[in-house]
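Trainee: Prediction below, plus the sequence it came from.
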Amino acid sequence: MYALVPRAGGFIVAGTVQIDCRGGLGTLPFADAYRWDGTPDPTYGDGGRADSTPIATGHPQPGAAVVLPDGRIRICSSVAPNDATDPGIVLIGYTASGDRDASVGPEGVAYLDLGVATVCNAMVADASSRLIIAGTGRVDGRRAAIVGRFSADGAPDDTFGDGGLRTLQWSSREFTANALVRLGSTGFVLGGQAIDAGVPPLAYTARLTSSGAVDTAYGFGSVYRYPGGSGGSFLRSLDVAGNGRLLVGVARAETGNPTIETLVRISAATGRLDPAFGRNGSVVVFHRAVDTVVDGSGRTITVGIRVGSTSSVLVQRRGG
């Protein structure tokens, strides 16, 4: 797992890798600082590198990272202890100078309780440095999208959702969660897959208020699903595009044929496609979109991966 997040004067590359640690598998966290010209920031850590002391967590899985408003760094990683199979979430904290943040816990580490076994797939921070973490768990044996809010030190925030958590699961539909964006002070948009029995899964987005309530005015019945091919659709990326809009990377799976990668622009208020973008709200891109930003002139810049006999990273810019 890795994440690239801006900070004052440059950016942080943060994440985790799996290693052998103390007789079992463990996590090696990293949070390295660079200036905008790509050189290490000598004012941070040890020549730009933070404390990367291993953590004996078990089987680490991809997660997310954020830089808080005051420069502190938080990394979440999903782990299964060496003696267990159910995943949990570990929070790793760094100070703004690259040291382990003891306010999170011993060695800068805390284990978060989301009530059920949950994989951490996305994390954002609000203006008060609270962490909003989204992932996929199982409730009553069925997949559910789970969102929780925590303090910067990992303490649960019981004022969010229902006792600190919001679970998205219907009696007729399961959900996963692998993307989350913050809409200023008004709330969040969550993305993943919606799974109905007997039909291919579809990419979806749903909106939560700042207090963790599901916005029932969003989409159709609080969820907007994005059409797919014969094999359904998958959400690749979710990014803020400005002016009340979001950019969604959606892969349309075609049975027996190559997947069609698309970029969709939607209303952050309703989830519906913006007809002013591309053709009826979407464009075909020739790579798997992993991150998207909008520059000061309203142009869309997409970073993606092209997979073939050899793989390559592509950057594509298109007009607004």
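Mentor: Happy to help now that I have it.

Trainee: so what's residue 59 scoring on pLDDT?
Mentor: We have a pLDDT of 53 for residue 59.

Trainee: before we move on, what about residue 317?
Mentor: For residue 317, the model assigns a pLDDT of 63.

Trainee: Residue 130 now?
Mentor: On pLDDT, residue 130 comes in at 96.

Trainee: swap in residue 298?
Mentor: For residue 298, the predicted pLDDT is 63.

Trainee: pLDDT weak spots in the stretch 151-300 of the chain?
Mentor: Scanning the stretch 151-300 of the chain for pLDDT under 70 picks out 286-300.

Trainee: so where do the strands sit in it?
Mentor: 165-168, 173-175, 179-182, 187-196, 202-209, 223-226, 233-242, 245-254, 257-267, 282-284, 288-294, 300-306 (DSSP state E, counting those that start in this stretch).

Trainee: Let me have the ones you listed in CSV, extended by distance to residue 151 and mean neighbour count.
Mentor: Quick note: C-beta positions are derived from backbone N, CA and C, even for glycine. Output for these, formatted as CSV (distance: least, Cβ to Cβ, whole Å; neighbours: other Cβ atoms under 10 Å):
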stretch, distance to residue 151, mean neighbour count
strand 165-168, 15, 22
strand 173-175, 26, 21
strand 179-182, 16, 20
strand 187-196, 17, 23
strand 202-209, 18, 24
strand 223-226, 29, 22
strand 233-242, 24, 21
strand 245-254, 27, 22
strand 257-267, 31, 19
strand 282-284, 39, 16
strand 288-294, 27, 19
strand 300-306, 32, 18
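
Trainee: Put together JSON lines for those strands, with distance to residue 48 on each row.
Mentor: As requested, those are exported to JSON lines (distance: least, Cβ to Cβ, whole Å):
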{"stretch": "strand 165-168", "distance to residue 48": "37"}
{"stretch": "strand 173-175", "distance to residue 48": "39"}
{"stretch": "strand 179-182", "distance to residue 48": "28"}
{"stretch": "strand 187-196", "distance to residue 48": "32"}
{"stretch": "strand 202-209", "distance to residue 48": "36"}
{"stretch": "strand 223-226", "distance to residue 48": "40"}
{"stretch": "strand 233-242", "distance to residue 48": "27"}
{"stretch": "strand 245-254", "distance to residue 48": "31"}
{"stretch": "strand 257-267", "distance to residue 48": "33"}
{"stretch": "strand 282-284", "distance to residue 48": "38"}
{"stretch": "strand 288-294", "distance to residue 48": "22"}
{"stretch": "strand 300-306", "distance to residue 48": "23"}
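
Trainee: out of the ones you listed, which comes closest to residue 33?
Mentor: Across those, residue 33 has its closest neighbour in strand 288-294 (19.3 Å, Cβ to Cβ).

Trainee: Next, count neighbours for the closest residue to residue 217 other than its chain neighbours.
Mentor: Ranked by Cβ to Cβ, 6 or more residues apart in numbering and with sequence neighbours excluded, the top spatial neighbour of residue 217 is residue 270, at 7.7 Å. Residue 270 has 16 neighbours, counted by other Cβ atoms under 10 Å.

Trainee: Do I have it right that residue 270 meets residue 224?
Mentor: Yes. At 7.3 Å, residue 270 counts as touching residue 224 under the criterion of Cβ atoms under 8 Å.

Trainee: Between those two, which contacts overlap?
Mentor: Counting by Cβ atoms under 8 Å, 6 or more residues apart in numbering, the residues touching both residue 270 and residue 224 are residue 218.

Trainee: ok, back up a step: what about the strands of the stretch 151-300 of the chain, which gets the closest to residue 72?
Mentor: strand 179-182 (17.1 Å).

Trainee: Show me what the closest one pairs with in its sheet, parallel or antiparallel.
Mentor: strand 187-196 (antiparallel) (DSSP bridges).

Trainee: orientation of the strand it pairs with relative to strand 233-242 in degrees?
Mentor: 170 degrees (axes from the mean of the first three to the mean of the last three Cα atoms, to 10 degrees).

Trainee: Just the C-alpha atoms of strand 187-196, please, in PDB.
Mentor: The C-alpha trace of strand 187-196 is given here as PDB (Å, rounded to 0.1, in the frame of the first residue of the first chain):
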ATOM      1  CA  GLY A 187     -20.300  15.300   4.400                       C
ATOM      2  CA  PHE A 188     -18.700  12.500   2.500                       C
ATOM      3  CA  VAL A 189     -19.200  10.300  -0.600                       C
ATOM      4  CA  LEU A 190     -18.500   6.600  -0.300                       C
ATOM      5  CA  GLY A 191     -17.800   4.300  -3.300                       C
ATOM      6  CA  GLY A 192     -17.500   0.600  -4.000                       C
ATOM      7  CA  GLN A 193     -19.600  -2.200  -5.400                       C
ATOM      8  CA  ALA A 194     -23.200  -3.000  -4.900                       C
ATOM      9  CA  ILE A 195     -23.900  -6.800  -5.100                       C
ATOM     10  CA  ASP A 196     -27.400  -8.200  -5.700                       C
END
